[in-house]
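Visitor: quick one, what's the 3D model for this:
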Amino acid sequence: MPSAQELSGTNKLVDSICRLSPDLLADACQHILIYLQGQTRGVDSAEISDRFRRAGVRLDHEILQDIARFFLLTFRSAGKDNLSGDDLVLKLEEGSNKWSKASLQVLHRLWSEHGASVHAQQQVQAMLSIGQLVDIQWKLGMAVSSDTCRSLNSPYVTLLLKIVEPSGQIYQRSFEMTIPQFQNFHKQFKEMAAVMETV
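Guide: Sure, this is the predicted structure:
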């Protein structure tokens, strides 16, 4: 159950959303839905703001950011739960009693048209999601004693990788390499970096 302060904040945001004309609301939501369907690299809030300004609507930058975040979260959640247009409207009405009928009609229509595509894109992203390398550290060591290794006094490199999983959890992985293996690893990393600069 949301607190009174959260409910008040949501109601203020909904008031700002409902002041938008149906066309302007649809235009802003289209930007977000196109992004969530994987057709653009992000939501350009500057472009949305520019369209609002051309239509004569002046919104504080922070309010515009809040509206964009609200619809990103709402549509992501609806996609994850595979909600219908009716279910989305019901959920929005449960969150605030300030929604105008015109705004809910716009959201119902847009979600009915694009909801299935957003859901499908989220399923694809979940299947393809892999961890992201955020830090790599290395140190040089020397094997001086071992129960299993016969060649002592040979240098080795220990690599420590920090990886952020799609869940947001950070994991650390470490492994050891001989000097020739590390040199080959370094060479391959340089080649990958060169290729990525051309993309």
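Visitor: make sure I have this right: N153 is in a helix.
Guide: No. Assessed with DSSP: H, G, I helix; E, B strand; the rest coil, N153 is coil; it does not lie in a helix.
Visitor: that one reaches G141, doesn't it?
Guide: No. Assessed by C-beta atoms under 8 Å, N153 is found out of contact with G141, at 11.4 Å. Glycine gets a C-beta too; all of them are placed from N, C-alpha and C.
Visitor: quick one, domains of the chain?
Guide: 4-128, 132-198 (automatic domain parsing).
Visitor: beyond the longest helix along the chain, next helix or strand please.
Guide: For the chain, the helix with the greatest residue count under DSSP state H is helix 101-128. From helix 101-128 onward toward the C-terminus, using DSSP states H and E, the following helix or strand is strand 132-142.
Visitor: list the strands paired with that next one, with their directions.
Guide: Applying DSSP bridges, strand 132-142 is found paired with strand 155-164 (antiparallel).
Visitor: thought G38 was touching A120?
Guide: No. The pair G38 and A120 fails to qualify as a contact (C-beta under 8 Å) at a distance of 9.3 Å.
Visitor: hang on, the earlier thing: out of the domains of the chain, which is the most enclosed?
Guide: domain 4-128 (a mean of 16; mean count of other C-beta atoms under 10 Å).
Visitor: pLDDT below threshold where in this structure?
Guide: 1-8, 129, 145-152, 166-168, 199 (pLDDT under 70).
Visitor: which residues of it fall in helices?
Guide: Assigned by DSSP H, the helices in the chain fall at 4-18, 22-36, 45-54, 61-80, 85-95, 101-128, 179-198.
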